[in-house]
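K.L.:
Need a 3D model of the following:
(2 chains)
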Amino acid sequence: MTRTTDTREQFRPPGHPNEHFLLTTVVGSYPKPTWLGRAREWLDDDAVDFDAADFAEATDDAARLVTEEHERTGLDVVVDGEMRRTEMVEYFAERIDGYAFNGPVKVWGHNYFDKPSIVDAVAYDEPWLVDEYAFTASVAERPVKVPITGPYTLARWSFNEHYDDTEAAAFALAELVNQEVAALVEAGARYIQVDEPALAQREDDHQVVGECLERIVAEVPDDVRLALHVCYGDYSRIYPELLDFPVHEYDVELANGDFDQLDVFTEPAFTKDFAMGVVDVHDARVESVDEIAARIRKGFAVVPPERLTVSPDCGMKLLPRPVAAAKLTNMVAAARQVEAELDAGEVEVAATAD
Amino acid sequence: MATYVATTVGLFPLPDPTKRALSRLKGHQKGDLVDGHESDAVTATYAEARAEVIATQVEAGLDRVVEGQLRWDDMLAHPLAVNDAVETHGLVRYYDNNNFYRDPVVVDSLAPTGDVAAELSAAADVAEPPLQAVLPGPYTLGALARDASYGDAAEFLAAIGRLLAGEVERFPDLEHLVLLEPSLVTDPPSADDQPAVGAAIDAVAGAFPGDVAVHTYWGAPDERTHATLLDAAIEAIGYDLVTAPAAAAELVAEQGTLDDVVLGVVDGQNTLVETTAAVRERVDRFESALPAGGPDTVCLSPNTELFYLPVATFEAKLGVLGEAVAPGVIA
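P.N.:
This next block holds a predicted model:
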């Protein structure tokens, strides 16, 4: 199945200053305000008069604050920073029957997650993201993107005590993701990003992910923009196979590795939209506008401007919040600068429109 | 009749309170990771956790305890990450796991630092039972790094071998050393490279006065690589009986093994806790494939490092290993 409808133009903001439009967005997560952590502690502390309704209000406030912070940076498409989510696997596993938790495990350095165990057949229990989307859309003036963790990553980043193999677990989880994506579309979502950071981890995992995606998007209307986010992998393992996936856009981390894998995507020609990570989310140094603009121009080796999306490498939650905001502000300014250069015919574009 | 010994191949999860304490003390960015020059507060936190994981191993009934390598933020690449001749670059994936380490780029001539030796000396001060040292094998450490100094793969491997040998020479007096060599399986050396791999392992083993094991995992080594290990100046070869029980059995049926073996019999990467019966089955299957005679010493171990597991599961797995060597269970 291919998706060829132009789903990008609907996100061009009214009054956009340039003829060219480099869609700017984020991958998803954003640093939580310190007080939200305190609110969580109060919720768990019987000695403090702070109940679930109070915590829900605090979470709404945080989601509103980050959505508006994203808008102030000038992003074309915003997210609530995943203020309601604990972590990209944990959050979903908490809502799926068949999962159990045993404690945190290391990802890298002192970054951990509560890696869940699949101990029984998985089943849909309660809605995952519909309330999150509805709230964000209600407070946002810009269009909203919904990131959702993909079934392969949900399977691969869990301990599997139940299914014969990861593939079987992923296919079972794909049915549940499908159910949630349908509910999000029903609720009005028009930009859905499936996060599969586990992709490019193993030689043949693209086949499993491809099959999962076919199951997930089978009934999604053509005008809903579908993206796939991949990061910190060996992209040569999944390219060009990933071009066959039924999505419009691929969002990849590249700044962390100083764009050393960019060439992977030039041969054969990239036929979908390319969302390129242009700021490093694991380095607290704020890149300058000129530095980011130079990175954005690298993207034209892969796709022409009308198919380039600009975003950070990955979720920004580990950065200090002012650093995250400054990185986004510079990223958007850099995109607008490059658009103006394109309008003026000052940028050389190697990739050609098909 | 073989002697059964319970042990591990190191790289433990940090106790949960230590995870939180070090997150606060060190931070969450690439530049915050261990570089060999930690603050007193960080050093004290690690010392406390080291004593705790040693006590946990004793309580679980392990015969040989390890230091735990709690400081190894960059996993098996750690000995390079703390070396002055190495720059650490962007995060790269650790094999095909959801774990990352800083890409170590060797930019100058490598010289031993004594970093691992200092950890082992600290552990020796608190450990009662025999303490077993754990290091990456030279091939694996080389495979995890990038060379921007030596310019020749064989020379680079030899330099890594000398670096590890120099580190081993600084160790306190120990009887057991395990070299972890997963890259021998995941990225096997070519026929031409085998002599250099054997020589590098010999260099490290030659610097250690006690017994040396080379443990392989995430599959079984190919026949050529296994033959290199059989010829190396080491006392034991380790096999992953969780991910490749059939391949390991075939290999030893064909080529035999050394007098001692390390058997990875509990899964270091799954929370499903093995029963001692399951462990026994894995051991039996391997032993029945062996040519007559069989090994003198069988070390029962997890197949991999253990930092992949939550602490509660990690402790349960140590318990299974301790129980498995109790009289009447396997022996």
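
K.L.:
so what's the backbone phi/psi at the residue in the stretch 51-200 of chain B that chain A sits nearest to?
P.N.:
Taking Cβ to the nearest Cβ, chain A has its nearest neighbour within the stretch 51-200 of chain B at residue B:100, 3.8 Å off. In short, each C-beta sits where N, CA and C put it, glycine included. Phi and psi for residue B:100, reported as degrees, to the nearest 10, are phi -140, psi 150.

K.L.:
near chain A, which residues of chain B?
P.N.:
Remark: the part of chain B in contact with chain A comprises B:13-14, B:16, B:19, B:22-23, B:26-33, B:73, B:90-93, B:96-101, B:269-272, B:307-313, using Cβ under 8 Å from any Cβ of the partner chain.

K.L.:
Pull out the buried residues from these.
P.N.:
B:13-14, B:19, B:22-23, B:26-30, B:32-33, B:73, B:90-93, B:96-101, B:269-271, B:307-311, B:313 (16 or more other Cβ atoms under 10 Å in any protein chain shown).

K.L.:
So which of those are in helices?
P.N.:
Of these, the ones assigned to helices by DSSP state H are B:19, B:22, B:23, B:26, B:311, B:313.

K.L.:
sorry, back to before: partners of the residue of the stretch 51-200 of chain B closest to chain A in the sheet?
P.N.:
For residue B:100, the beta-bridge partners are residue B:93 (DSSP bridges).

K.L.:
which SSE is residue B:158 in?
P.N.:
Per DSSP states H and E: residue B:158 is located in helix B:153-169.

K.L.:
Buried ones in that helix, by neighbour count?
P.N.:
Residues of helix B:153-169 classed as buried under the neighbour-count rule (16+ other Cβ under 10 Å) are B:156-168.

K.L.:
mind checking pLDDT for residue 63?
P.N.:
Using chain A here. Note on residue A:63: pLDDT of 98.

K.L.:
meant chain B, my bad for not saying
P.N.:
Per-residue confidence (pLDDT) for residue B:63: 96.

K.L.:
residues near it, how many?
P.N.:
Other residues within reach of residue B:63, judged by other Cβ atoms under 10 Å in any protein chain shown, total 18.

K.L.:
Once you drop chain neighbours, what's closest to residue A:333?
P.N.:
The spatially closest residue to residue A:333, leaving aside those adjacent along the chain, is residue A:289, at 4.8 Å (Cβ to Cβ, 6 or more residues apart in numbering or on different chains).

K.L.:
looking at it, that neighbour is touching residue A:335, isn't it?
P.N.:
No: checked against Cβ atoms under 8 Å, the pair residue A:289 and residue A:335 is beyond contact range at 9.6 Å.

K.L.:
Run through the helices of the stretch 1-150 of chain B in chain order.
P.N.:
B:16-26, B:40-60, B:78-81, B:115-126, B:138-144 (DSSP state H, counting those that start in this stretch).

K.L.:
can these go into CSV with extra columns for mean pLDDT?
P.N.:
As requested, the helices of the stretch 1-150 of chain B are arranged in CSV below (pLDDT from 0 to 100):
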stretch, mean pLDDT
helix B:16-26, 94
helix B:40-60, 97
helix B:78-81, 98
helix B:115-126, 96
helix B:138-144, 98
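
K.L.:
Residue A:81 is nearest to which of those helices?
P.N.:
Set against residue A:81 and scored by Cβ to Cβ, the helices of the stretch 1-150 of chain B come closest in helix B:16-26, at 20.2 Å.

K.L.:
Residue most distant from the centroid, chain A?
P.N.:
No residue in chain A sits farther from the centre than residue A:47, which is 37.6 Å out by Cα atoms, centre = their mean.

K.L.:
quick one: contacts for it?
P.N.:
With contact set as Cβ atoms under 8 Å, 6 or more residues apart in numbering or on different chains, residue A:47 has no partners.
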